[in-house]
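>>> below are the sequence and a predicted model for it; my questions follow.
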Amino acid sequence: MERQEVSLKKEGGVVLLRVERPKRLNALSQAVVSGIREALDEIEVDPEIRVLLIHGENNFAAGADIQDMVKCDEQEAEEFVFSPVFDRIAALPVPTIAAIEGYALGGGLELALACDIRFAAETAKMGFPEINLGIMPGAGGTVRAPKLIGASAAMELIFSGETIGARRALELGLINRLEPEETLFEAAWKFAVHLSRKAPIALRIAKNTIREGIAMDSESAAVHNESKRWASLFNTEDQKEGMRAFLEKRTPIYKGK
Ligand SMILES: C/C=C/C(=O)SCCNC(=O)CCNC(=O)[C@H](O)C(C)(C)COP(=O)(O)OP(=O)(O)OC[C@H]1O[C@@H](n2cnc3c(N)ncnc32)[C@H](O)[C@@H]1OP(=O)(O)O
């Protein structure tokens, strides 16, 4: 299926989704986001996929496409597809990783925040410049950023519209790992492959349990929920294989059963 400026490449259990619109610094037009949506249609039904890695060559994404937005009214803005697509990424049962180089601004940063884990090049720059355009983040940024870095730090970024460097982003907790620019993609790819070799059911249950726990008001309910999810993994062949492999001093081979 020919997608708009979005490529999808599967290698083993890792699927790489790449935005390819270099002339516009990978700005996310509605056509590009629709291309991401079509890619998700494939990813969501592929049982072999264990990890999703999202990348943009030279730039992750310099935000939503301003050309698309400049003439929009409220109704048209409400029909933008960013949030429904980014929410689907956040809801994927497999781990998702963003490999950030260059700019991750506005909707570009929101795309990275819809992922579970963020790698960034030391030279990467990110922020929420929407306020400089007379708007505010509108694809999950006012929800996911406060959860990740705290309300005050999120307000600092969203109110100021400032672009910060990767080191500051790491200090804030906006990214997980900082890598030299020349090895950023390789490091993120290797990490994705590393995760793809873990027991897939345990990975999915762990991601799901973390998300369920965050949504629960009471800690004891969350811990109780975790105990039930933890015990359920003892019904899997992978749990037997993982523990037998340790005792037999060999590498486990997980089958996702
Ligand atoms: C729900 C989500 C909402 C949002 O995301 S709102 C949008 C948020 N994003 C932004 O506000 C960033 C806008 N872009 C910039 O500020 C600058 O770019 C940069 C700082 C990222 C880079 O500046 P420099 O290195 O000088 O490059 P350049 O000449 O500005 O950009 C190269 C070409 O890329 C186009 N472009 C860059 N960002 C966007 C964008 N977000 N929407 C549409 N086009 C964009 C430019 O216009 C230009 O194109 P041409 O060469 O034809 O002049």
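Cool, the structure landed.

>>> contacts only, for E226.
E226 makes contact with T209, G213 under the criterion C-beta atoms under 8 Å, 6 or more residues apart in numbering. C-beta here means a position set from N, CA and C on the backbone, and glycine is covered the same way.

>>> that one: what secondary structure?
Secondary structure, DSSP: H, G, I helix; E, B strand; the rest coil: E226 is helix.

>>> how much space separates it from the ligand?
For E226, the distance to the ligand equals 34 Å [C-beta to the nearest ligand atom, to the nearest Å].

>>> same question, T142
Per C-beta to the nearest ligand atom, T142 is found 10 Å from the ligand.

>>> C-terminal to whichever strand or helix holds that residue, what's the next element?
Assigned by DSSP states H and E, T142 belongs to helix 141-149. Moving toward the C-terminus from helix 141-149, the next helix or strand (DSSP H and E) is helix 151-160.

>>> okay, the angle between that following helix and helix 141-149?
Orientation check (axes from the mean of the first three to the mean of the last three C-alpha atoms, to 10 degrees): helix 151-160 against helix 141-149 gives 140 degrees.

>>> can you list contacts of helix 151-160?
Helix 151-160 is contacted from outside by 127-128, 130-131, 136-137, 141-142, 145-146, 148, 162, 164, 172, using C-beta under 8 Å, 6+ apart.

>>> quick check: mean pLDDT of the helix holding T142?
For helix 141-149, the mean pLDDT works out to 98.

>>> from now on call the first residue 391
Got it, the first residue is 391 from now on, which makes the last one we talked about helix 531-539.

>>> how about it: buried residues?
By neighbour count on 16 or more other C-beta atoms under 10 Å, the buried set for helix 531-539 is G531, T532, V533, R534, A535, I539.

>>> likewise for stretch 595-605?
I595, A596, K597, T599.

>>> can you verify my assumption that the first one contacts A621?
In this case it means I595. No - taking C-beta atoms under 8 Å as the definition, I595 is not a contact partner of A621, at 10.5 Å.

>>> how does the chain divide up, domain by domain?
For the chain, automatic domain parsing gives the domain ranges 392-586, 590-637.

>>> helices or strands next to the helix ranked longest in the chain in the packing?
The longest helix of the chain (DSSP state H) is helix 590-605. Under the contact definition 3 or more C-beta pairs under 8 Å, 6 or more residues apart in numbering; DSSP states H and E, helix 590-605 sits against helix 609-622, helix 627-637.

>>> mind putting the ones you listed in CSV, mean pLDDT included?
Listed next are the helices and strands packed on helix 590-605 as CSV, based on pLDDT from 0 to 100:
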stretch, mean pLDDT
helix 609-622, 96
helix 627-637, 98
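
>>> can I get those helices in CSV with distance to I433?
As requested, these are arranged in CSV below (distance: least, C-beta to C-beta, whole Å):
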stretch, distance to I433
helix 609-622, 23
helix 627-637, 22
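
>>> S586 is nearest to which of these?
Closest approach to S586 among the helices and strands packed on helix 590-605 (C-beta to C-beta): helix 627-637, 13.7 Å.

>>> quick one: the closest one to chain centroid distance?
Distance of helix 627-637 from the chain centroid (C-alpha atoms, centre = their mean, to the nearest Å) equals 30 Å.

>>> and stretch 404-419, by the same measure?
In terms of C-alpha atoms, centre = their mean, the centre of stretch 404-419 is found 14 Å from the chain centre.
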